[in-house]
Each structure stands twice: as structure tokens, then as C-alpha cells.
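Engineer: Model the following, please.
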Amino acid sequence: IFKFLGAISVDLGKDRIKPYLPTILAPLYRELNSTYAEQDPTVKNLSQEIIELLKKLVGLEAFSLAFSSVQKQANQKRAIRKKQRALQTVANPDIAARRKMKRHKNKAETRKRKIEFLRPMYKAKRPRSHMLKDLAMVE
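Structural biologist: Okay, the predicted model is just below:
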């Protein structure tokens, strides 16, 4: 898709690409700023190359305006999601408690996996999985 965006940008040219610049930059920006562990470095490099191509094509000023608007929009979305999560904790404490229990369970499993990887002789005790019981509230 990134190659397609780059090809379309070059094909449209400097004047006709400007209205579509924020739309094109949004996925490129998302890929550059993603913090996923399993991120493919080739995709990140490709997005960086296309951003450089766009910068040369439309000029630094127009690019900067579009890029800053995309950045601002992403930060606003992030803030809205964070606020909704905080509100959900207050509004629905049972859902929040379930989410927290699940997060702690995953954290413990990750710790056990890491210990087994670092010390192969050591086997951490793993509880039997009872999917519905694990997610139930403990009272």
C-alpha cells in the first residue's frame, strides 16, 4: 500500500497531490510512530522513504503543515481513547476489574515464560486453564 501511495503521489504531481496529503500521510505517520514489538523494519524504512519523496515533491512548507495536522489529529485520538478508558473504569468497575485481572494474569505468564527462557532447567508452575473461571471475579 505504501508503494501505491508513493506511486500515486508521483503520478498526480505537486499541485494535485496537496489536497490528499493529510490522507496519504496518516498511515505513514502511524507506521513511523508505532511501538509494536513485532514491527517489520522494512515497512518502517519504506514509509520513511515515501515521506522523504513527498517532502521533495510538495515542498517543505506544505509538507510540514500537512504532517503537523496529521500529528495533531493522532494525538487528539490518543487523548480521547485514554479519557474514555478512564471514564469506563469509573462507570463500569466490573469490566475494568476483569480487564485488570486479565492484564495481571498475562503479566505473570510472561514472567514465567521469560524465566523458562533464561533458565531452561527451571520449570515455572502453570495453572490449569479454565477459561471462564480465570475471567470470573474472585470474591
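Engineer: Might you list the low-confidence residue ranges for the protein?
Structural biologist: 37, 123-139 (pLDDT under 70).
Engineer: Break down it into its helices, ranges please.
Structural biologist: Taking DSSP state H to define them, one finds helices in the chain at 2-12, 14-17, 21-33, 41-58, 60-91, 93-118, 131-135.
Engineer: Just send those back as TSV, with mean neighbour count too.
Structural biologist: C-beta coordinates here come from the backbone N, C-alpha and C atoms, glycine included. Output for the helices of the chain, formatted as TSV (neighbours: other Cβ atoms under 10 Å):
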stretch	mean neighbour count
helix 2-12	14
helix 14-17	12
helix 21-33	17
helix 41-58	15
helix 60-91	12
helix 93-118	12
helix 131-135	9
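Engineer: Next up, the contacts around the residue nearest to residue 9 when sequence neighbours are not counted.
Structural biologist: Leaving aside its sequence neighbours, residue 9 sits nearest to residue 17 (Cβ to Cβ, 6 or more residues apart in numbering; 5.3 Å). Listed by Cβ atoms under 8 Å, 6 or more residues apart in numbering, the contact set of residue 17 reads 9, 24, 54, 57-58.
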